[in-house]
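Visitor: Any chance you could fold what I've pasted below:
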Amino acid sequence: MHVMELIYLDWAATTPISRNVLEEMNRVFLEYPGNPSSLHKEGKKAADLLAQDRIKAAALLGTDPRHVYFTGGGTESNAIILNSLLTKESRGSVLISGIEHPAVFEYTKTLRKNGYTVSVLHPDKRGIITAENVRSRLTEDTFLVAVMTLNNETGIIQPVKKIAEEIRSFEKNNRRPIHFHTDGVQALGKIPLDLSEFGVDSAAFSGHKIQGPRGTGILFAKKPPEPLSKAGGQEFGVRGGTENLSGIHGLVTAMEETIGTMSERTAHAEKLRSLLIEKLEDIPEMKLNFDIQNQSPFIISVNEKTFPSEVFARIMSDRGFAVSPGSACSSKNKTKMNRVLTSCGLSSDEAFHSFRISTGFSTAEEDIISFCRTAKNELSKLRRR
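Guide: The predicted model follows:
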């Protein structure tokens, strides 16, 4: 189905587009040439498709279509919310977890420069930001908490719903609203998401993590955020510019596919992870960084004590395998790459020697067996030197 030169074990970085998604996008390109803002029939036809896709996306996320904003990706969705803060006249305190994707964590610098007090929430040794931890750090002037739903490097699932409950309880006593934002990019299609029960005020999602098109995303927001662009008035006035109709349709089609087959995909990922754990027992230089109890089976963080992670990733790439030394958005910066793992309690050396395996629906058991066999051979060569 997909032409790849490598055995692809880096699905958390990006995913190969689904053939059905691609076909649907091509159909929209050909059959919907109109601008959704135009008043003629072709414009009305395009606007109707956009409205239908918004309704579908909202239903899949468990929310109202009025709270769904189509964006250019997860990074932009996060940025819209965080940039909205910079327009506030009052300056308060912000809590951001230390395991956030750079799309969120890098905003700590901007927020501090603009007069905000920013505190970092560190997880426990399991990699979890507990609700109790968040509650203990809330203050009278806290107005934003940002904790991602599923970490892109560790695969650890965060107790977002419990955190939301603690925040709402604190709000009632303090009588000041606190905006709770979650980066749900890696969670979409991997765990059930019902935003009507999640308790967050906003959430970011991306298309290319679920075999959808790149450059597409969703922002869920209970209240309209400040506009990213005031021109045009599209996306309820939040994101001006002609809508990427084929991309949006591809994103929603990918959501339907991925969420609709989530149980099968999860079972497949669990089988692959069990196989990986079994094969790693024969490689003394390798071990899992985290207990799998709180981890998505799609993302596995592995410590390899012989090579630095970037060197190991290049060696395996030369042997025909794609794995990642960390977040694809920060892998060129070693300090940023190690931040998440050291925040979880790993030493700098352990983090420096850790890499990520992430699988998808087309990953075969033989891919895992072949990867482990090749890694074992490469490490054996080094031992014989």
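
Visitor: Tell me where the stretch 1-150 of the chain has strands.
Guide: 7-8, 68-71, 93-97, 117-121, 142-146 (DSSP state E, counting those that start in this stretch).

Visitor: among those, which is the most enclosed?
Guide: Comparing the strands of the stretch 1-150 of the chain by mean neighbour count (mean count of other CB atoms under 10 Å), strand 68-71 ranks first with a mean of 25. Yep, even glycine has a C-beta here, placed from its N, CA and C like the rest.

Visitor: In terms of secondary structure, what does that strand contact?
Guide: Judged by 3 or more CB pairs under 8 Å, 6 or more residues apart in numbering; DSSP states H and E, the packing partners of strand 68-71 are helix 41-61, helix 74-85, strand 217-221.

Visitor: which stretch in these has the least confidence?
Guide: Of all these, helix 74-85 carries the lowest average pLDDT, namely a mean of 94.

Visitor: how far does it sit from the chain's center?
Guide: Helix 74-85 sits 14 Å away from the centroid of its parent chain (CA atoms, centre = their mean, to the nearest Å).

Visitor: Okay, angle between that helix and strand 217-221 too, please.
Guide: Put simply, helix 74-85 runs at 30 degrees to strand 217-221, going by axes from the mean of the first three to the mean of the last three CA atoms, to 10 degrees.

Visitor: Give me the contact list for helix 74-85.
Guide: Outside of helix 74-85, the residues within contact range by CB atoms under 8 Å, 6 or more residues apart in numbering are 69, 71, 94, 101, 103-104, 107, 110-111, 116, 144, 146, 179, 181, 183, 185, 202-206, 209, 217-219, 221, 225-226, 228, 238-239, 329.

Visitor: switch the cut-off to 7 Å
Guide: Around helix 74-85, the neighbours that count as contacts under CB atoms under 7 Å, 6 or more residues apart in numbering are 71, 103-104, 107, 111, 144, 181, 183, 185, 202, 204-206, 217-219, 221, 225-226, 228, 238.

Visitor: Show the contacting residues for residue 98.
Guide: 120-122, 339, 343.

Visitor: Kindly provide the distance from it to residue 375.
Guide: Separation of residue 98 from residue 375 (CB to CB, to the nearest Å) stands at 29 Å.

Visitor: Kindly report the same for residue 236.
Guide: From residue 236 to residue 375 the distance is 49 Å (CB to CB).

Visitor: Between those two, point out the one with more neighbours.
Guide: Each of residue 236 and residue 375 has its neighbours counted (other CB atoms under 10 Å); residue 375 has more, 24 against 14.

Visitor: chain center to the helix or strand in which that one is found, what's the gap?
Guide: For residue 375, the element it lies in under DSSP states H and E is helix 365-384. On the basis of CA atoms, centre = their mean, helix 365-384 sits 29 Å off its chain's mean C-alpha point.

Visitor: in it, what counts as buried?
Guide: Neighbour counts over helix 365-384 (16 or more other CB atoms under 10 Å) mark 367-368, 371-372, 374-376, 378-379 as buried.

Visitor: So which bits of stretch 294-304 are buried?
Guide: Under 16+ other CB under 10 Å, the buried positions of stretch 294-304 are 295-304.

Visitor: Would you reformat these as a markdown table and include distance to residue 168 and secondary structure?
Guide: Shown next, in a markdown table, are the buried residues of stretch 294-304 (distance: CB to CB, whole Å; DSSP: H, G, I helix; E, B strand; the rest coil):
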| residue | distance to residue 168 | secondary structure |
| --- | --- | --- |
| 295 | 27 | strand |
| 296 | 26 | coil |
| 297 | 31 | coil |
| 298 | 30 | coil |
| 299 | 29 | strand |
| 300 | 33 | strand |
| 301 | 32 | strand |
| 302 | 37 | strand |
| 303 | 38 | strand |
| 304 | 42 | strand |
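
Visitor: Lowest-confidence one in those?
Guide: residue 304 (92).

Visitor: Next up, the contacts around that one.
Guide: By CB under 7 Å, 6+ apart, the neighbours of residue 304 are 285-286, 312, 353, 355.

Visitor: What's opposite residue 321 in the beta bridge?
Guide: Assessed by DSSP bridges, residue 321 has beta-bridge partners residue 7.

Visitor: so what's it up against?
Guide: Counting by CB under 7 Å, 6+ apart, residue 321 touches 6-7, 9, 371, 374.

Visitor: Take these and write them to JSON lines, including pLDDT and distance to residue 250.
Guide: Output for these, formatted as JSON lines (pLDDT from 0 to 100; distance: CB to CB, whole Å):
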{"residue": "6", "pLDDT": "90", "distance to residue 250": "24"}
{"residue": "7", "pLDDT": "97", "distance to residue 250": "26"}
{"residue": "9", "pLDDT": "98", "distance to residue 250": "24"}
{"residue": "371", "pLDDT": "98", "distance to residue 250": "30"}
{"residue": "374", "pLDDT": "97", "distance to residue 250": "34"}
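
Visitor: Residue 9 touches residue 320, doesn't it?
Guide: No. The criterion here is CB atoms under 7 Å, and residue 9 misses it with residue 320 at 10.7 Å.

Visitor: Looking at those two, which one has more neighbours?
Guide: Shown here are residue 9 and residue 320; by other CB under 10 Å, residue 9 has more neighbours (24 against 13).

Visitor: and residue 316, how many residues sit next to it?
Guide: Using other CB under 10 Å, residue 316 is surrounded by 22 other residues.
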